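Chemist: sharing a model prediction with you, sequence too.
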Amino acid sequence: MMTARIEHLVTAGTFDLDGGTWELENNVWIVGDDTECVVIDAAHDAGAILAAVGDRTLLGILSTHAHNDHIGAARAVAAATGAPVYLHPDDRMLWDVVYPDAAPDRALEHGQRIAVAGTELQVISTPGHSPGSVCLYAPSFGTLFSGDTLFHGGPGATGRSYSDFPTIIESITTKLLSLPSETVVNTGHGESTSIGAEAPDLPAWIARGH
């Protein structure tokens, strides 16, 4: 019997890129059981994340991408717990803006499987919002953690440095919309959705071309 569960924490702070700063809230997702867990996107508030982890063994901090709002608390959480920080290598240039003196501990690569609490997360490379963006798919939960690749209402933003609209559409079309339609999509910001809810809007996204 699977004892793993998904926990949700919302943290607040700023997103800084290309000389702009925006206030926003981020979703932090924790997957695990009473003994061990992983954190998906250590955003903004290390204290709140550490409190949510509690006395469990933190196996890893999985970063869907390296924009500062998604990794801002990663090194502090890692220092407090000894957990490694994972990141796709193609986002290293964004990581270096936040942490110029400390590299990520481990790489995330397409097809990689990360075990936690008797279940696993599958890494899906989904460039577009950033070159190294990934999603994490948990088949046992029927759940995708989409970072900033797919939201309720469309794809993630692509109007800033290192992002590309045709690439994110390709990622969503070829790698995400092939998942079961009932797959829950837990996003990096805002409310959750599902693959089936978003798939019919693909032609409209392409037509808008943003």
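Modeler: Noted; the coordinates are in hand. Numbers count the residues shown, from 1 in each chain.

Chemist: now the helices for this structure?
Modeler: 46-53, 68-71, 74-81, 92-98, 165-171, 195-198, 202-208 (DSSP state H).

Chemist: hang on, residue 42 packs against residue 66?
Modeler: No. Residue 42 lies out of contact with residue 66 (CB atoms under 8 Å); the separation is 11.5 Å. Any C-beta I mention is one placed from the backbone N, CA and C, and that applies to glycine too.

Chemist: tell me which residues touch the residue nearest to residue 98 when sequence neighbours are not counted, please.
Modeler: Distances taken as CB to CB, 6 or more residues apart in numbering put residue 68 closest to residue 98, at 4.9 Å, once the chain neighbours are dropped. Residue 68 makes contact with 14, 15, 16, 17, 94, 97, 98, according to CB atoms under 8 Å, 6 or more residues apart in numbering.

Chemist: what's the burial count for the residue lying closest to residue 76 once chain neighbours are set aside?
Modeler: Nearest in space to residue 76, with sequence neighbours left out and distances taken as CB to CB, 6+ apart, is residue 46 at 3.8 Å. Neighbours of residue 46 under the rule other CB atoms under 10 Å: 20.

Chemist: please tell me how far residue 46 sits from residue 77.
Modeler: 5 Å (CB to CB, to the nearest Å).

Chemist: beta partners of residue 154?
Modeler: residue 151 (DSSP bridges).

Chemist: neighbours around it, how many?
Modeler: 17.
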